[in-house]
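Engineer: build me a model from this:
(one chain, ligands or ions: 1)
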Amino acid sequence: MRRIVLASHNAGKLKEIKAYFAPHGFEILFAADCGCEDVEETGTTFIENAILKARAVAEHVDGSVLADDSGLEVDALGGAPGVYSARYAGEHGNNDSNIDKLLAALKGVPTEKRTARFHAMMVLMKHAQDPAPEIFHGVWEGRILEARQGTGGFGYDPVFFAPEKNVSAAELDLDEKNILSHRGKALQKMLTSLTRND
Ligand code: ITT
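Structural biologist: So this is what the prediction gives:
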């Protein structure tokens, strides 16, 4: 069993990443359970923030650390909320207010102009001084609905329309979301890399 510490305090991410790796013999530990504090995300790009998060946790634990910096890029909003996705409406992690703000910002924008995508930038660091962390990027193309649909997932899932299935991301089960999502695609690249020499 190989162990990887996830440098995240987001339970939604942990659930998806754990489920993805479980059949492949990887145990994913939550940084929150290792007593690691949340680091301030001062970067203006996903990659900067992912590296900051991974390094902060790697300084406190032995072994590999994985960080996931992710977010939503909405074309009609010039790429917002982007790296500010978790705190778009002010309070970090308030999914309900974030969605309300997004729907208000897109009020009156026609369906064809509501295009958006999720990004997941994953950084795998062997230790805090690792000069060459591995980077895996996944993208999920879709559009923003006019109202919430479904109760699964987390974050913006209820308003993210997944064209592959004609439903919102919150109407997919965990395994379906992991096949289609930005996170699932980044994890697939990571798994390929981790198992290349097995
Ligand atoms: P950690 O930094 O502790 O990992 P966080 O929630 O602060 O948790 P980010 O800074 O990467 O993480 O922000 C990601 C935000 O983007 C997240 O809070 C959601 O609002 C949104 N997001 C990312 N992936 C998502 C997904 O699969 N479904 C819905 N929303 C997602």
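
Engineer: what is the burial count for the closest residue to the ligand within the chain?
Structural biologist: Nearest residue of the chain to the ligand: Gly155, at 2.3 Å (C-beta to the nearest ligand atom). Using the backbone N, CA and C atoms, a C-beta is placed for each residue, glycine as well. When neighbours are defined as other C-beta atoms under 10 Å, Gly155 has 22 of them.

Engineer: go on, the one 10 residues further on?
Structural biologist: Other residues near Lys165 come to 14 when the count uses other C-beta under 10 Å.

Engineer: same thing with Glu91?
Structural biologist: 11.

Engineer: quick one: the strands in the protein, in order.
Structural biologist: Assigned by DSSP state E, the chain shows strands spanning 2-6, 26-30, 65-74, 115-125, 134-144, 160-162, 167-168.

Engineer: those: which one's closest to Leu103?
Structural biologist: strand 134-144 (7.8 Å; C-beta to C-beta).

Engineer: near the ligand, which residues of this protein? Just list them.
Structural biologist: Within the chain, the positions near the ligand by C-beta under 6 Å from any ligand atom are 8-10, 13, 38, 41, 53, 68-72, 85-86, 93, 98, 118, 153-157, 169, 181, 183.

Engineer: out of those, which end up buried?
Structural biologist: When burial is judged by neighbour count using 16 or more other C-beta atoms under 10 Å, the buried members of the residues of the chain next to the ligand are 8-10, 13, 41, 53, 68-72, 85-86, 98, 118, 153-157, 169, 181, 183.

Engineer: quick one on the thing from earlier: which of the strands of the chain is buried the deepest?
Structural biologist: strand 65-74 (a mean of 26; mean count of other C-beta atoms under 10 Å).

Engineer: restricting to C-alpha, output that strand in PDB.
Structural biologist: This file holds the C-alpha atoms of strand 65-74, laid out as PDB (Å, rounded to 0.1, in the frame of the first residue of the first chain):
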ATOM      1  CA  VAL A  65       2.400  15.100  -0.800                       C
ATOM      2  CA  LEU A  66      -0.300  15.800  -3.400                       C
ATOM      3  CA  ALA A  67      -1.900  19.200  -3.700                       C
ATOM      4  CA  ASP A  68      -4.900  20.000  -5.900                       C
ATOM      5  CA  ASP A  69      -5.600  23.600  -6.800                       C
ATOM      6  CA  SER A  70      -8.700  23.800  -8.900                       C
ATOM      7  CA  GLY A  71     -11.500  26.200 -10.000                       C
ATOM      8  CA  LEU A  72     -13.900  27.400 -12.500                       C
ATOM      9  CA  GLU A  73     -13.100  29.500 -15.600                       C
ATOM     10  CA  VAL A  74     -16.200  31.200 -17.000                       C
END
